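In: Prediction below, plus the sequence it came from.
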Amino acid sequence: MTVVLGPYPLCALCRQTNGGLLAVRHRQVHLRAHGRQSCVDRGLAGLIASLWAVGDTRSCCEDEQGRAYVVPASDSLEAAEQVLTRLRLRPELEHGTIYFRVPRPSRLHDVQYVRRALAEPAGQVFVWRTDQHGTAR
């Protein structure tokens, strides 16, 4: 059985290993990083390389009704969420899938850009505490 989800073909290697999936909705690039390899949406290649540094992913999409998403392996969920938070992408977890808005213009395709962004200091984090009346303390 073959599956065609869009006009953009997977590479020959990925067509052999992806259970009949031949083509998808977004342009693909074959990514090799951290002992893993797969065709991924070109617009997320740099991000996926960084996610593979901390865990595994099952799927990704650069634009699903205005949001991008990654599906990390269950044991990689927290680490993936931390990477996306660190990149200020405001991740939203829904049933094991992490959705986020891609800033425009985006450089999430650029491995070096994503690595540099993750290496920057996270900045200050403020924690507001309120009393029983809702007054900030």
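Out: Yep, that arrived.
In: Low-confidence ranges, the chain, go.
Out: Residue ranges of the chain with pLDDT under 70: 122-129, 136-137.
In: Give me the most central residue, it.
Out: residue 70 (4.4 Å; C-alpha atoms, centre = their mean).
In: Apart from its chain neighbours, what residue comes closest to that residue?
Out: residue 60 (4.6 Å; C-beta to C-beta, 6 or more residues apart in numbering). Just so you know, the C-beta spots here come from the backbone N, C-alpha and C atoms, and that holds for glycine as well.
In: So that neighbour, which state does it fall into?
Out: Following DSSP: H, G, I helix; E, B strand; the rest coil, we place residue 60 in the strand state.
In: before we move on, the earlier item: and the residue nearest to the centre of the chain, how close does it get to residue 43?
Out: To residue 43, residue 70 is 12 Å away according to C-beta to C-beta, to the nearest Å.
In: How about residue 55?
Out: With C-beta to C-beta as the criterion, residue 55 and residue 43 are 20 Å apart.
In: And residue 83, by the same measure?
Out: Taking C-beta to C-beta as the measure, residue 83 falls 16 Å from residue 43.
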